[in-house]
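Trainee: I would like the atomic coordinates for the input below:
(2 chains)
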Amino acid sequence: MKHLLATDGLDPALATAVLDTADELKHTLLGREVKKLPTLRGRTVITLFYENSTRTRVSFEIAGKWMSADVINVSASSSSVNKGESLRDTALTLAAAGADCVIVRHPASGAAQRLAGWLAEPGTSVVNAGDGTHEHPTQALLDAATLRERLGSLKDRRIAIVGDVLHSRVARSNLHLLSALGAEVVLVAPPTLLPYGVESLPVTVSHDLDAELPAVDAVMMLRVQAERMHGGFFPSAREYSIAYGLSERRQKLLPDHAVVLHPGPMLRGMEIASAVADSPASAITEQVRNGVHVRMAVLYHLLASEGAAA
Amino acid sequence: MSTVIKGARLYGEGDPVDVLVEDGVITAIGAVQIPEDADVVEANGQVLLPGFVDLHTHLREPGREDTETIDSGSAAAALGGYTAVFAMANTDPVADNAVIVEHVWRRGQEVGLVDVHPVGAVTVGLKGERLAELGTMAASQARVKVFSDDGLCVADPLLMRRALEYSTALDVVIAQHAEEPRLTVGAQAHEGEQAARLGYTGWPAAAEESIVARDCLLALHAKARLHVCHVSTSGTADVLRWAKDRGTKVSAEVTPHHLLLTDERLATYDPVNKVNPPLRTSSDAEKLRAALAEGVIDCVATDHAPHAVQDKDTEWSAARPGMLGLQTALSIVAETMVRTGLLDWRGVARVMSERPAEIGNLADHGRPIAVGEPANLALVDPDAAWTVRGAELASIAANTPYEGMRLPGVVTATLLRGRVTARDGKIC
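Mentor: Presented below is the predicted three-dimensional model:
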């Protein structure tokens, strides 16, 4: 694996291998006081984030450091991007400085793929940490890891993804990976928050959350930005929350074994009730924890597993 | 000065004949007495067509001479078989007054490779707030006949109504870039399955179709002529058919890229494919071809849009929209319309020369190839093919979506009023 850009088209066998590696790494580090493996010693990993992030950036940094890689964080807002430097030049600069891997988050869909093209010559690996509304593949992988942990296998499971699908790279990455791993995906959202052409994706679509919840094995809640009200996507936060929020009432509709997921950050009271987020059914903190192991596994498959010099 | 085209098939029909041109006019066809000092063009049975007329081209001068100039753009046009082009007004400064249009006109005449007809802006600064001095521009030395805010839509319905009404006294045509701006905020690509999967903000077909429908209604009401730029959706073709059926004086153009390319190209995120209006589905491309063959869409216009490397070799959302088109137009028409049997070469003459000349009100282009007519001609080898290389094209910029593609149909000679401007891929 040279790059991780998307789950759309990702070989399910490779995805499963990454998830299995994540499990192994998790067990290797379990109970260890010193969380350090020498696997990526001497490798240079640079995170290049053009958007704000808590979870993903910290998660990647920890993942790299626990594997002994040299990790550097570049935030666009405090870099020469402010002097007008292009994405292409920024990426080439990092590669020239010695990066073996660039982890990029950018507001433009396709940015990670473009980066991979520009960095083909220096041979730097690229990990997509979120490109516009397109994909966030490591999020989908950690969500799958969390579901595997809680549910066993993903085959024939039914997963609902609820919320602003139109603007969600998390939704896109998840629906591709989950269906590739044998699960059924149902998208639940108001019509305004579903992409035109959604029928061509490997999903079913519903506008009725109450009807869907009794039959799912997991429900993934997506954050809904307040700005969307100004685009006329829904009349008010209240109406959205009433129709599509995972309230305590709605949680009772779920089967006992069902898992509640959220990629974060959450707007408690909007798309998810505070009590639901903190309930035993919620695997939200596990998602974050698994995020580190999954990202370690991704870095391993990109930078270590081809038997490259340690 | 005389030129002889030896052994050409007029409109690709019949047996090869010789065509004698003297002092810019066709003086004999068939049995021709070749003057001693005549410039001889060996046609070898190739297809002779009236020189092409492009109603929609961006020559970037004044303002972006790093991407194209009237000089380089004229060369690209001549090499593409064009004898007249209409240069859009979204230059910097905008061509919304007589001074700028006269500059563009004069410069085109100086270069002398193709007749450059400046398009005047409809509104001052393309701001869409008040009318530009259409009358003064029409009466200037540039004799502007086509007005357009292209790049932008004249979105205010009242202003568009006034522009249409006002134009009737000047016998000029308003050419609309149909895009309802409220429906395309942040739009990057055609709103469809590809965009849904790849995470592009969508540019819905209805944003184009609703403006076309509105403007057709306004044009009929004002008894004015309307021209629709770069038709990109099958729905727009349906609206045009309806409007023409009820007597609207509307004409429409389609670009070569909308005849061939589709939103399947979005998967690479390569901005060489980014254009406004965007590439649509294969079903749209198919319907556009049929509409062009039928005459619902009147002509082909390139929307030739040169862009610098730093405006194209970027992430998609940062790139400027537009592609080169002058040198590849004939080949794309040959590939999509002639090879498929939708048009014969007479049909190509109609859509690339005769109709655009009529719409642009040019008396000396798009004329029949006949004795007494001005010799604005293009000679095409229908059986040859060529490989497109952006760096080898005459334009300063190199942003062609056909990079590396092998295309049919080669323009082997272009004549502007009898003078050979391009021959065998070189400017004369």
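Trainee: tell me the pLDDT at residue B:1?
Mentor: Note on residue B:1: pLDDT of 86.
Trainee: Now for it: which residues touch it?
Mentor: Listed by C-beta atoms under 8 Å, 6 or more residues apart in numbering or on different chains, the contact partners of residue B:1 are B:22, B:23, B:39, B:418, B:419. Where you see a C-beta, it was placed from the backbone N, CA and C, and this is true even at glycine.
Trainee: So which residues on the stretch 101-250 of chain B come close to chain A?
Mentor: Within the stretch 101-250 of chain B, the positions near chain A by C-beta under 8 Å from any C-beta of the partner chain are B:188, B:191-202, B:204.
Trainee: among those, which are in strands?
Mentor: Among these, the subset assigned to strands under DSSP state E consists of residue B:202.
Trainee: Just send the residues of the stretch 101-250 of chain B next to chain A back as JSON lines, with neighbour count and pLDDT too.
Mentor: Listed next are these as JSON lines, based on neighbours: other C-beta atoms under 10 Å in any protein chain shown; pLDDT from 0 to 100:
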{"residue": "B:188", "neighbour count": "26", "pLDDT": "98"}
{"residue": "B:191", "neighbour count": "25", "pLDDT": "98"}
{"residue": "B:192", "neighbour count": "25", "pLDDT": "98"}
{"residue": "B:193", "neighbour count": "17", "pLDDT": "98"}
{"residue": "B:194", "neighbour count": "22", "pLDDT": "98"}
{"residue": "B:195", "neighbour count": "25", "pLDDT": "98"}
{"residue": "B:196", "neighbour count": "22", "pLDDT": "97"}
{"residue": "B:197", "neighbour count": "22", "pLDDT": "97"}
{"residue": "B:198", "neighbour count": "26", "pLDDT": "98"}
{"residue": "B:199", "neighbour count": "26", "pLDDT": "97"}
{"residue": "B:200", "neighbour count": "30", "pLDDT": "98"}
{"residue": "B:201", "neighbour count": "19", "pLDDT": "97"}
{"residue": "B:202", "neighbour count": "23", "pLDDT": "97"}
{"residue": "B:204", "neighbour count": "18", "pLDDT": "98"}
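Trainee: The stretch 201-350 of chain B: helices as residue ranges?
Mentor: Counting by DSSP state H, counting those that start in this stretch, one finds helices in the stretch 201-350 of chain B at the ranges B:205-222, B:234-245, B:256-260, B:282-294, B:329-333, B:345-349.
Trainee: between the ones you listed, which one is nearest to residue B:109?
Mentor: Nearest of these to residue B:109, taken as C-beta to C-beta: helix B:329-333 at 23.1 Å.
Trainee: list the helices and strands the closest one packs on?
Mentor: On a contact count with 3 or more C-beta pairs under 8 Å, 6 or more residues apart in numbering or on different chains; DSSP states H and E, helix B:329-333 meets strand B:52-57, helix B:256-260, strand B:377-387, strand B:406-416.
Trainee: which other helices and strands contact the last one?
Mentor: The one in question is strand B:406-416. With contacts taken as 3+ C-beta pairs under 8 Å, 6+ apart, strand B:406-416 sits against strand B:2-10, helix B:70-79, strand B:82-87, helix B:329-333, strand B:377-387, strand B:419-423.
Trainee: now the ones you listed as a markdown table including mean neighbour count?
Mentor: Shown next, in a markdown table, are the helices and strands packed on strand B:406-416 (neighbours: other C-beta atoms under 10 Å in any protein chain shown):
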| stretch | mean neighbour count |
| --- | --- |
| strand B:2-10 | 21 |
| helix B:70-79 | 27 |
| strand B:82-87 | 30 |
| helix B:329-333 | 26 |
| strand B:377-387 | 20 |
| strand B:419-423 | 21 |
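Trainee: Those: which one's closest to residue B:45?
Mentor: strand B:2-10 (5.9 Å).
Trainee: pLDDT below threshold where in the stretch 201-310 of chain A?
Mentor: Scanning the stretch 201-310 of chain A for pLDDT under 70 picks out A:226-229, A:305-310.
Trainee: Which residue comes closest to residue A:286 once chain neighbours are left out?
Mentor: Once flanking residues are discounted, residue A:286 sits nearest to residue A:146: 5.1 Å by C-beta to C-beta, 6 or more residues apart in numbering or on different chains.
Trainee: what's around that neighbour, how many residues?
Mentor: Using other C-beta atoms under 10 Å in any protein chain shown, residue A:146 has 23 neighbouring residues.
Trainee: for residue B:206, same thing?
Mentor: Neighbours of residue B:206 under the rule other C-beta under 10 Å: 14.
Trainee: For it, list the residues it contacts.
Mentor: By C-beta under 8 Å, 6+ apart, residue B:206 lies in contact with B:180, B:183, B:235.
Trainee: Return the distance of it relative to chain A.
Mentor: 10 Å (C-beta to the nearest C-beta, to the nearest Å).
Trainee: nearest residue to residue B:162 other than its sequence neighbours?
Mentor: Spatial nearest neighbour of residue B:162, chain neighbours left out: residue B:131 (6.4 Å); criterion: C-beta to C-beta, 6+ apart.
Trainee: Over to residue B:75?
Mentor: residue B:394 (4.0 Å).
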